[in-house]
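**Q** Show me how the following folds:
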Amino acid sequence: MFCTKCGSACPPEYKFCKNCGSALARPAALETAAVATHVAVPAQTPYAAAPQGIPAAVYPGLPAGVAQVAAQPVYYTSPQAAVHPHTVQQINLLHSLRARIQSLASTEELEGFSLKEMFSEVFRRHSAAEIEDYILVGGSKTTPPIDVVQTGWPKPWLFFRVLATFVVAYVVCTFTLMHLSDAGNMIPAVMILGAFAVPVTTLTFFFEMNTPRNVSVHRIASLFLLGAVVSLIFALIGYTLPVLGSMGNMAAGIVEEVAKLLTVVIVVRGVRYRYILNGLLFGATVGAGFAAFETSGYALNQGLLAGSSLHAGVVMMLEVLRTRAFLTPWGHVAWTAIAAGAFWRVKGSQPMQLSMLFDGRFLKAFMIPIVLHTIWDAPWQLPFDGNYILSALVSWYVVFGLVQQGLRQVKDEQRAHLQTTLAHVEASLQPPGTVAV
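**A** So this is what the prediction gives:
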């Protein structure tokens with residue numbers, strides 16, 4: 001199968017081009033056969049003798065021949081096997097939502113993905129030397145060759161140790177602040193630890209997901225600080241625009257997501273970092289810096305400055321820190337990772353061009369964090385904090401979809417590198433003067 005947009009060859013099971021991310025047009029016969037193999041008609045009884053059953057779900061979007069069969073009233077032989085119509089509607093709604101998200105993000109179904117397997121290394125013992133070697137990557141002598149880069153789902157573990165370190169330090173400083181007299185000097189320490197703990201932890205997770213290991217800690221630290229400052233300035237400028245400023249919180253999705261993405265594009269230039277996984281990491285870095293600095297500002301303004309007394313202000317500050325720490329992984333970090341990952345999917349190894357920001361494949365995916373951010377800050381709230389739950393689930397589903405594409409990109413480069421190496425070896429083994437056929 002070949003992509004009609006860029007001409008790249010793709011396996012028949014792919015729904016999107018592995019090179020440009022465009023949707024692949026599958027032959028009708030292949031689509032019908034693929035659907036027919038997955039539609040299982042349950043055991044049934046004649047219509048007249050059917051018990052109090054219900055028709056099976058009609059599958060939307062099937063080819064005409066299959067849809068005609070699926071639309072027939074099928075009754076289950078036992079009432080226990082019946083599915084309530086409301087449940088069927090919910091399942092169809094979830095499938096439709098998932099398909100829509102995949103279409104916007106130009107991603108595919110997750111394959112071989114397991115949270116249990118991914119986090120299986122979290123509680124395994126790692127020595128100090130192993131941790132140091134794990135962190136020292138990204139330099140000219142510490143970046144692994146492409147042929148040894150991991151292409152399966154990573155198993156991150158360092159992020160949990162980072163979180164544990166922050167939590168211990170935060171608890172100790174908070175206990176000192178609340179139970180010892182004249183401990184006001186601990187307020188800045190508590191604020192910094194509380195604001196930076198979860199953003200840095202989530203950033204570490206994305207650092208571990210970057211399997212090419214071609215981005216150094218120094219590069220990430222620089223982008224974390226510089227990106228936070230630049231993106232905050234861009235956001236403040238955006239809020240001064242009359243049209244956006246009049247929208248209040250509803251403008252945050254546009255202003256802040258555009259500000260963070262522009263920061264990534266401006267600060268990280270050149271062609272050295274060409275992988276989708278690099279873009280995810282850079283976006284997560286700027287998003288983490290933005291979240292940490294924003295939380296610090298909220299803790300100061302809503303806590304210390306709004307409190308009627310120092311003790312009341314500290315209590316309010318701690319509440320702000322805890323609430324925003326819990327929400328951070330599902331917000332700015334994931335949103336900016338999606339935006340930058342989608343942009344790097346278009347950019348690849350090419351120099352940055354302004355036209356890339358208007359590429360349809362990028363713009364569709366960029367709408368996801370903007371919409372999710374708008375829902376997050378919407379004045380109306382779904383029951384049981386549904387706004388946050390919806391944003392969290394969609395955000396990380398898209399993130400893992402982009403990670404899967406990034407892993408496939410690395411695997412494709414490994415294959416190309418292997419083929420080039422074999423061609424060079426074959427050429428070197430031929431006698432002098434022999435013309436290769």
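**Q** okay, CA-based contacts and neighbour counts for the rest of this
**A** Fine.
**Q** which residues touch stretch 174-186?
**A** For stretch 174-186, contacts defined as CA atoms under 8 Å, 6 or more residues apart in numbering pick out 173, 187, 190.
**Q** same for the helix ranked longest in the chain, what does it pack against?
**A** Secondary structure assigned by DSSP state H gives helix 386-429 as the longest helix of the chain. Helix 386-429 sits against helix 85-105, helix 276-298, helix 332-347, helix 360-376, with contacts defined as 3 or more CA pairs under 8 Å, 6 or more residues apart in numbering; DSSP states H and E.
**Q** mean confidence score for the second one?
**A** Per-residue pLDDT values across helix 276-298 average out to 96.
**Q** which helices and strands does that helix pack with?
**A** Where contact means 3+ CA pairs under 8 Å, 6+ apart, helix 276-298 is packed against helix 187-209, helix 217-240, helix 252-267, helix 310-327, helix 332-347, helix 386-429.
**Q** Can you give the distance from the fourth one to the centre of its chain?
**A** Taking CA atoms, centre = their mean, to the nearest Å, one finds helix 310-327 lying 28 Å from the centre of the chain it belongs to.
**Q** Buried residues in it, which are they?
**A** For helix 310-327, a neighbour-count test (16 or more other CA atoms under 10 Å) marks 313-314, 316-318, 320-321, 324-325 as buried.
**Q** can I get the CA coordinates of it in PDB?
**A** The C-alpha trace of helix 310-327 is given here as PDB (Å, rounded to 0.1, in the frame of the first residue of the first chain):
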ATOM      1  CA  LEU A 310       0.500  34.600  57.800                       C
ATOM      2  CA  HIS A 311      -0.800  31.200  59.100                       C
ATOM      3  CA  ALA A 312      -4.000  31.500  57.000                       C
ATOM      4  CA  GLY A 313      -1.900  32.400  54.000                       C
ATOM      5  CA  VAL A 314       0.400  29.400  54.400                       C
ATOM      6  CA  VAL A 315      -2.600  27.100  54.700                       C
ATOM      7  CA  MET A 316      -4.100  28.500  51.500                       C
ATOM      8  CA  MET A 317      -0.700  28.200  49.800                       C
ATOM      9  CA  LEU A 318      -0.400  24.600  50.700                       C
ATOM     10  CA  GLU A 319      -3.900  23.900  49.400                       C
ATOM     11  CA  VAL A 320      -3.100  25.500  46.000                       C
ATOM     12  CA  LEU A 321       0.200  23.500  45.700                       C
ATOM     13  CA  ARG A 322      -1.500  20.200  46.500                       C
ATOM     14  CA  THR A 323      -4.400  20.800  44.100                       C
ATOM     15  CA  ARG A 324      -2.300  21.900  41.200                       C
ATOM     16  CA  ALA A 325       0.300  19.200  41.800                       C
ATOM     17  CA  PHE A 326      -2.400  16.600  41.400                       C
ATOM     18  CA  LEU A 327      -3.700  18.200  38.100                       C
END
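**Q** what's the angle between it and helix 187-209?
**A** Orientation of helix 310-327 against helix 187-209 (axes from the mean of the first three to the mean of the last three CA atoms, to 10 degrees) gives an angle of 10 degrees.
**Q** Measure how helix 310-327 sits relative to helix 386-429, angle-wise.
**A** Using the same axes, to 10 degrees: helix 310-327 against helix 386-429 is 50 degrees.
**Q** Many thanks, we can stop here.
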